[in-house]
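**Q** Sequence first, predicted coordinates after that:
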Amino acid sequence: MVIDSQSTRTITNNIRETRDASSSSTSSSNLSNNNFSSDICISLTKEEKDLFELLKDVAECYNDKTVLRVAGGWVRDKILAEQTDDFSNGFRLTSKKKEKSVDRTAKAKIVKKETETQTPSAVKRTFSESVLRTSAKPVDIDIAINNMLGREFAELVNDYLDERGQDTYKVGIVLTNPEMSKHLETATLSIGNFWIDFVNLRTEIYDDDEHAESNEKGTRVPVSVGIGTPIEDAYRRDLTINALFYNLQSGKVEDFTEMGLKDLNAKVVRTPIDPVQTFMDDPLRVLRSIRFASRLNFALDPVLRAAVRQEDIRTCLRRKVSRERIGSEVDLMLRSSRPVCAAKLLCGLDLMECVFPLEPVDGRGTTATLAYYDEGVRLLSTTHAYLIQNAKRPPVWCSGDKGNDKNEISDEASQITEETPDIKLTQDEEARRLLWYACLFYPYVTAYWDREQALNIGSEPQEIHSKKKRKAKKSKQSPLHKLMLDELKRSAKDAQQVEMIQQSARLFGKLVTRGGGQKGIKVLLSGVKVAAIDGIVAPGMDKDDPVLSQIMDFRLKCARVLVKCKHLWRAAFVLSLCTELQRVDDAQTQIEQTYDADEMHADDITADQNAEVFSQFNAFATSLLDLNLIGIWNMKPALNGDEIASRVLTNLPKGPIFRDVMDRQWEYMVQHPSCPVEEVEDYLRGEFSDYV
């Protein structure tokens, strides 16, 4: 008997009768002796107390035999909150980020849609050497019910509120979908700041013949799903640390596997039963194990590691789990405070190819593709370490301050505070998430660009991308777009922003290493700055000074990159910097393999080269502040199209030439900040005299 959306009350009654006749007496006696209860104290907030009192009142009002238990992550995180400061101030390390395409809705039919997800207000997040805290409060609560379906209890909650003249809540139902490992119907309610999932305690029955054939089918689907005991439910969960319950009636933590609390204290990620069987039930649990191990900084159980390496498990992960669910898990890994740990686990367990299927781009086949994974993880590690090291004392350009007093900010840059707040990269979780994606696939994408540039001589990455975008054919999408959209099921915006970070990083790298670093030093030494009222401030120089002209040309080159990456410029610049640091390290490793490292004084050489890299990049980025380029992407043209056509270039035809005119106007304004409108008009008349 498989639970579906039809005749749920009849099904529940039949299950109750069967269980009451066979095992209710023994089960209740075994559970009443508190063998599985713990003396661990859980501190509840006022909101949690009020919520739990409401749920207990509902249970007592309609069925005094109903026992309600909070299950899973909420219990785990509450216990950890009592043991470590990492969970202080209401922060929850492993809280989910709910969005439109979250895990719970993958391949499941929503019968009643929830109102728009309410999430707590964002809190600025900062790095520390131990943890990157998240701003989400513990709002995701799973309630397990011992004698009815989740849908039924959710309806009772509304009945209870309605009878007392209080507002009711819409109930969302996620139906079962066994083929996608969704075996249990779930009812969801949003009450206050809490998202609550109501489910029944579950037991599953598998056919022995079906289990024997599961390796060939790449699937393991139960033939019967019913209301179970707390012990049965605990053992069918993914991990022991997620199989803990908090009994609302008794107010005690219950550990029915008798391993959850031990593993929590030992910091071990382990499955309640044989991991092969656990992963066959739902192969996504492989990625969940890695996610929890990395987020909580726990170790993977050796038996679990061995199971992950089995080809049968990998086959199930590829065939049985939807790409939406895989993409959601990956995104949660990269949102955590330890994305490097997650990436290293994926790489070390040989799961990168399964999770991130990439096409060979340079004719060297699978071996080269596997090398790109390793390089990407190294680059992610380098970038993550750089941000942590600079969290307390970041460079001037990384501080989120444009480097000028408010009254000195130029007109073109002043809009940044209104349209796109300029936030520290160490405080901008969304920018970092995109940066982690960019790091992971940057070595691979760079190889793709190099090949494309060889086929399209002279084309830079952004030009290649724009050509493919104009064709608007899926087959012509870049490998990164295919990966992000088709394999990870991320949004088109995510794919575009990640590729924009990568492209801008490549352009920044070329600018800095091909003289931009030295020009940045020249800007700083010259004392040239850009101010709102006076425009160019150049002590000891006149407007025709060749040095000043060179600096304004440099300003234009930098502006062209900044308008592409906009507020994500720091993410792109850090990627560029860390790529150069990794290049220096790789070159030094090659030298050490060729010559005696001691004779070459390799460490000293590497330190000197790294210092030179930092010097060049820091000077370049600081000069962006002095030239007041942060926010240049918000600069509005002095003359709009109608004004140009009516009073400046009256014979200007429609077509591509109009775009050229607007581009030249923008370039002139960048090179001549705060210039009057009349000056721009005279410039355009001189440049496009044929249309005057």
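**A** Received the coordinates, thanks. Numbering: from 1, shown residues only.
**Q** Okay, the closest residue to residue 584 other than its chain neighbours and residue 585: tell me how far apart.
**A** When the adjacent residues along the chain are set aside, residue 584 lies closest to residue 609, with 4.7 Å between them (CB to CB, 6 or more residues apart in numbering). Glycine gets a C-beta too; all of them are placed from N, C-alpha and C. Counting by CB to CB, to the nearest Å, the gap from residue 609 to residue 585 is 9 Å.
**Q** residue ranges of the strands in this structure, please?
**A** With strands called from DSSP state E, the chain shows them at 37-38, 68-71, 140-145, 172-174, 186-191, 194-200, 202-205, 224-227, 245-247, 252-254, 268-269, 299-300, 529-531, 535-537.
**Q** helices and strands around the second one, which ones?
**A** Spelled out, that is strand 68-71. Using 3 or more CB pairs under 8 Å, 6 or more residues apart in numbering; DSSP states H and E as the contact definition, the elements that strand 68-71 packs against are helix 46-62, strand 140-145, strand 245-247.
**Q** now the first one against strand 194-200, angle please.
**A** It stands for helix 46-62. Here helix 46-62 runs at an angle of 30 degrees relative to strand 194-200 (axes from the mean of the first three to the mean of the last three CA atoms, to 10 degrees).
**Q** In the stretch 501-650 of the chain, where is pLDDT below threshold?
**A** Confidence mapping of the stretch 501-650 of the chain against pLDDT under 70 gives the ranges 532-533, 592-606.
**Q** re the thing from before, turn the helices and strands packed on strand 68-71 into JSON lines, including distance to residue 320 and mean pLDDT.
**A** Formatted as JSON lines, the entries for those read as follows, by distance: least, CB to CB, whole Å; pLDDT from 0 to 100:
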{"stretch": "helix 46-62", "distance to residue 320": "34", "mean pLDDT": "94"}
{"stretch": "strand 140-145", "distance to residue 320": "23", "mean pLDDT": "92"}
{"stretch": "strand 245-247", "distance to residue 320": "28", "mean pLDDT": "96"}
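**Q** would you turn those into CSV with mean neighbour count and distance to residue 562?
**A** Supplementary listing: the helices and strands packed on strand 68-71 in CSV, determined by neighbours: other CB atoms under 10 Å; distance: least, CB to CB, whole Å:
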stretch, mean neighbour count, distance to residue 562
helix 46-62, 15, 44
strand 140-145, 22, 39
strand 245-247, 23, 51
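**Q** List just the one of those that sits closest to residue 425.
**A** In terms of CB to CB, the element of the helices and strands packed on strand 68-71 nearest to residue 425 is strand 140-145, at 27.7 Å.
**Q** Quickly run through the sheet partners of that closest one, with directions.
**A** With DSSP bridges as the test, strand 140-145 is paired with strand 68-71 (antiparallel), strand 194-200 (parallel).
**Q** Just give me the lowest mean pLDDT stretch among the strands of the chain.
**A** Among these, strand 224-227 carries the lowest mean pLDDT, at a mean of 72.
**Q** mind listing the helices in the stretch 51-200 of the chain by residue range?
**A** Under the criterion DSSP state H, counting those that start in this stretch, the stretch 51-200 of the chain carries helices at the ranges 73-83, 150-163.
**Q** pLDDT of the first one, averaged?
**A** What that stands for is helix 73-83. On average, the pLDDT along helix 73-83 is 88.
**Q** looking at the helices of the stretch 51-200 of the chain, which is closest to residue 240?
**A** For the helices of the stretch 51-200 of the chain, distance to residue 240 was read as CB to CB. The smallest value, 9.9 Å, belongs to helix 73-83.
**Q** tell me what that closest one is packed against?
**A** The helices and strands touching helix 73-83, judged by 3+ CB pairs under 8 Å, 6+ apart, are strand 140-145, strand 245-247, helix 260-266.
**Q** which regions of the stretch 251-400 of the chain lie under the pLDDT threshold?
**A** Low-confidence segments of the stretch 251-400 of the chain (pLDDT under 70): 362-368, 399-400.
**Q** at 90 what do you get?
**A** Residues of the stretch 251-400 of the chain meeting the criterion pLDDT under 90: 281, 320, 337, 358-371, 388-400.
**Q** So which residues of it form helices?
**A** In order along the chain, the stretch 251-400 of the chain carries the following helices (DSSP H, counting those that start in this stretch): 260-266, 275-281, 285-296, 302-308, 311-320, 323-335, 339-348, 352-355, 365-389.
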